[in-house]
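Asks: Sequence unavailable; structure follows:
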């Protein structure tokens, strides 16, 4: 997201003023992200599924960002999981 924010801050004001874009890497279900976390962090990750009547879909397309700014995300959900894992591990090792 910070790469996108920087790109938009550097863009000509008229090209961004009043516009809205969807920004994402690719569409994943919450359960798919949970499985990815478990695969990368370890089997000790407990996945709790809570039933819901909310069946909204949040499928988004970032095609407009690509078309108007040539921007596409370079980092994946997997990258974010590993970054968070590293940050938590580094914090756990910190002397308090």
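Replies: Good, I have the coordinates. These figures come from a predicted structure and were not determined experimentally.
Asks: Can you give me the separation between residue 39 and residue 79?
Replies: The gap separating residue 39 from residue 79 is 14 Å, by Cβ to Cβ, to the nearest Å. Using the backbone N, CA and C atoms, a C-beta is placed for each residue, glycine as well.
Asks: Likewise for residue 16?
Replies: 26 Å.
Asks: Same question for residue 23.
Replies: Using Cβ to Cβ, one gets 15 Å for the distance from residue 23 to residue 79.
Asks: cool, and residue 65?
Replies: With distances defined as Cβ to Cβ, the gap from residue 65 to residue 79 amounts to 18 Å.
Asks: for residue 22, same thing?
Replies: When distance is defined by Cβ to Cβ, residue 22 is 19 Å away from residue 79.
Asks: Same question for residue 87.
Replies: Computed with Cβ to Cβ, the distance linking residue 87 and residue 79 is 13 Å.
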